[in-house]
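Colleague: coords below, sequence missing:
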């Protein structure tokens, strides 16, 4: 049998016998492993020039694309023309110090450039591109244009500056002038126009080189760089070769300790060669002359569109260029200080060439650095202009994005125009433009670093927030030192450019660091935000909308009402299956965000979903806002009762789309570009037209939503008739201001106190004050301030109560600092009230047509005809035995100190009468007593008595309870005409607790004691049910005794008469009893009552508040 060759396979191991007998090793067998791990081989590093996957491999690299341009720009002609002047004034130590300061600014800025450029792809535009992508189009565009102009002027200055060494070496000396003879050959004539012609010729020559292409510029740069390096090297070598001499004003000592010692410290003079001042030189002036000689670090970054790998080449080439140029400058300064006496430095501008042993090489060095600075300056400016044009930041520049040739020619033309200016006047401007770019570049890096965005991960790590901040601060100081006035003017001009670009530039998708900074600040302050102080309360609105066409005015109105607060557009899409409707949910989110932008409102969009509409509303409400920014007012549109009746009459399907009822269309105003809603054709399409049509809201759902919001303790606002609201526009003025009416109507209610304590009469003071607050807020909005005034309207039943009510309201408005006209009317001035309460028949037909289906009204009419009422219509008379009961005076603060728990209960929210029983002997008697007090007719009581023997006690009470609820819920009053309680200011309040509370005085308690809920339980044959008592109760009928429907009818008549010409009305919203939505009839009854009240009125917003919103605390 042949043996297996498996173990001959490389990587396998033949098992070996083990002598170990430990049980710990029985479960493992290390010899079964046959995989031999080998380190993954590294690929050989390939240069980007030879990388076939790099589409830019034919472009420039680090040396020829960044290092050479940076070195040639930094080593400017100023080294040859002004270093002698600067060294003579500052001395060696201060000159080296100035060099270190200048290069510190350059180095810190270069670190910022390196960090930004290695964090992503850098395209054409250099500094502009990096700044605009970090700080946004406003910063990028403004600094880009400033930098563009700076490079234009810099090229022009170099073109004019090259004429000086040109004439020094080749210029002819005229007979009548004091110019020295040519240093090399006397070939060129002198004169203004000759000099302009020389500069124009040089500029055109540079344009020709630039037009050939970047490769030609690179080759020219390499050649010129070689010449420049040779000329710089000749300077220190010359001090060893050139022997000391003295020719005219020029004295050369060679290497001398005495010369070095005299040139060590500063010595400022007046009128030295190269000076532009009439007085002694200053450090500020010398810094302004010296700094441009070191500010060419953007030359490499400006060539970013021509680089193979910008993110690698820009930091590496710029840093090496800085190191090289700093070494060159240091060597030149030290060589000059130890060989040229200070007297020579004062008298000769061209001292470097004058003392050199190879003057022609110095001349070639001057020409090489100037020519390349002109070429790179024009190319860099053209690239910046092209990048700005491609980004469409400034209108009118689109031609430069399509035709680079035109861009370069345009740049050349601007540079040519600079030749007519004074080079000395534009020198400081050029310095300031570079420093301004330094500031913004460092600022961009600093903001990116402190924003700590996860995607800011530059491969260049030798920087931090402190280097960037230090670079920005030093650059600002340098600007002030150079020329504070010009710097201020430049910053102002840049600010104006910023604003222009902000308003004319369309939104960009780049993103900028401001978003990250805003995120940090918002998160920080949201965690700190507390809405627990009434002083800083502001409306934070959640508006539920379904169809923007029918809600357009309401959407814009709530934007006015928010007063700088939170505003959320809430929309609900009903979906049984969330996963299937997710795509529709995202589409609706986008559509409603577009609606928000079209209406020009400042709002968030919150789209919610649920199996039913009420569940969706709950989800939106609970999920809206964040931290302390939660909506505190929920706004709903009124139920479309007219459409509901049409559907009921025509037996239409309840699933009919809501958009069927939308007969309003949106149009765009060509003058203002605003979107308006009207019924004209053709209509402007809206983004929501493409979304799913939601099912029409059902009446029970609408009532249920109000109940839910009440349970969630949200302030509720119901908007009615806002489709006909005329919203004012900014700048609108009118001779007669329109009126906003405020009707803070009190809710019929009482304070129920635990522990068998007496009840307190109370008012809905929170709603009362919120109505006043919203009105005051609205008239401070610029659109409403100059066009509307406030009017507060109150009503009483007794003419004698009008003056005290006006006084109380004026006092309250004064405390709240609200300016408004106050009107108090008596209800007996209105026909409907007199018809219902007084029995006046002047408006009987109208009232009877509304209330004819009400059993209460029919009994009242019959009782007035026969003088034999069948029920108790009023409870104004005291029950027997209650006259002697003393009502104890309570105050809120006193009860709270005693630890008493209090709850505000109104007849509407509870859904039933609350009649405390004083005896447990007979629950049936308690029920009968409740029915007596609620006005249940004697026939109903008789019917109950007849059924007592037939129905067992265990079934009797539920039936009584149901009968009582059905009767009382429709008969209960909703509003009260009682006077507004007096208010008390708690002076020691700080805003975290209410500082303005209603106080019930003794007179108010005595007036309401007859309606105290602690009446003794009356037997079935009570004297209160006698004929005389019932007749007296009917004759003493008041507004507070009327059923809700009658009260709504009276209010409609009063408000129609008083506010028919008003623009807007705020009033009190009665909340439906909990559980009303479970019954179709009760839900319809609630909505019909509100509709009866609001019919024919101007736009109305009904308010119900559960929180205090006003304070008197400082």
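Modeller: Received the coordinates, thanks. Small disclaimer: the values here were computed from a predicted structure and weren't measured.
Colleague: who are the neighbours of whichever strand or helix holds residue 580, in terms of helices and strands?
Modeller: Taking DSSP states H and E as the criterion, residue 580 maps to helix 578-599. In terms of contacts (3 or more Cβ pairs under 8 Å, 6 or more residues apart in numbering; DSSP states H and E), helix 578-599 is packed against helix 548-561, strand 567-574, strand 604-610. C-beta: built from backbone N, CA, C; applies to glycine.
Colleague: so which of the ones you listed is nearest residue 650?
Modeller: Using Cβ to Cβ as the measure, helix 548-561 is the one of those that comes nearest residue 650, at 20.4 Å.
Colleague: show me where the stretch 751-900 of the chain has its helices.
Modeller: For the stretch 751-900 of the chain, helices defined by DSSP state H, counting those that start in this stretch occupy the ranges 765-778, 782-785, 802-816, 831-833, 844-851, 855-866, 892-897.
Colleague: test my guess that residue 980 contacts residue 812.
Modeller: Yes: here residue 980 lies in contact with residue 812, judged by Cβ atoms under 8 Å, at a distance of 7.4 Å.
Colleague: just to revisit the earlier point, what's the closest of the helices and strands packed on helix 578-599 to residue 70?
Modeller: Distance to residue 70, taken as Cβ to Cβ, is lowest for strand 604-610 among the helices and strands packed on helix 578-599, at 48.5 Å.
Colleague: buried set for the helix or strand just after the closest one?
Modeller: Sequence-wise, the next helix or strand downstream of strand 604-610 (DSSP H and E) is helix 613-623. Buried residues in helix 613-623, counted by 16 or more other Cβ atoms under 10 Å: 613, 614, 615, 616, 617, 618, 619, 620, 621.
Colleague: just put these in a markdown table and tack on distance to residue 245 and pLDDT.
Modeller: Listed next are the buried residues of helix 613-623 as a markdown table, based on distance: Cβ to Cβ, whole Å; pLDDT from 0 to 100:
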| residue | distance to residue 245 | pLDDT |
| --- | --- | --- |
| 613 | 102 | 92 |
| 614 | 103 | 92 |
| 615 | 101 | 93 |
| 616 | 97 | 91 |
| 617 | 98 | 92 |
| 618 | 98 | 93 |
| 619 | 95 | 92 |
| 620 | 93 | 92 |
| 621 | 94 | 93 |
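Colleague: now for those residues: which two are most distant?
Modeller: Farthest pair in those (Cβ to Cβ) is 613 and 621. Separation: 12.5 Å.
Colleague: now do residue 148 against residue 328, distance only.
Modeller: Distance of residue 148 to residue 328, computed by Cβ to Cβ, to the nearest Å: 29 Å.
Colleague: so residue 841 sits right up against residue 835, yeah?
Modeller: Yes: counting by Cβ under 8 Å, residue 835 is a contact partner of residue 841 at 6.8 Å.
Colleague: neighbour-wise, which of the two wins?
Modeller: residue 835 (23 against 12; other Cβ atoms under 10 Å).
Colleague: list the buried residues of the helix or strand harbouring residue 231.
Modeller: Per DSSP H and E: residue 231 is located in helix 214-241. By 16+ other Cβ under 10 Å, the buried positions in helix 214-241 come out as 214, 217-218, 220-221, 224-225, 227-229, 231-232, 234-236, 238-239.
Colleague: and the pLDDT for residue 526?
Modeller: We have a pLDDT of 84 for residue 526.
Colleague: burial of it, as a residue count?
Modeller: Neighbour number of residue 526 under other Cβ under 10 Å is 13.
Colleague: got phi/psi on it?
Modeller: Taking degrees, to the nearest 10, you get phi -70, psi -40 for the backbone angles of residue 526.
Colleague: go on, residue 273?
Modeller: When read as degrees, to the nearest 10, the backbone of residue 273 gives phi -60, psi 130.
Colleague: tell me how many other residues crowd the nearest residue to it once chain neighbours are set aside.
Modeller: Leaving aside its sequence neighbours, residue 273 sits nearest to residue 349 (Cβ to Cβ, 6 or more residues apart in numbering; 4.8 Å). Using other Cβ under 10 Å, residue 349 has 20 neighbouring residues.
Colleague: which of the helices or strands spans residue 349?
Modeller: For residue 349, there is no host helix or strand (DSSP H and E).
Colleague: which residues does residue 304 contact?
Modeller: 117, 122, 123, 124, 125, 126, 129, 310, 314, 383 (Cβ atoms under 8 Å, 6 or more residues apart in numbering).
Colleague: so which of those sits lowest on pLDDT?
Modeller: Lowest confidence among the contacts of residue 304: residue 124, with 76.
Colleague: shouldn't that residue be in contact with residue 387?
Modeller: Yes: counting by Cβ under 8 Å, residue 124 does reach residue 387; the two are 5.1 Å apart.
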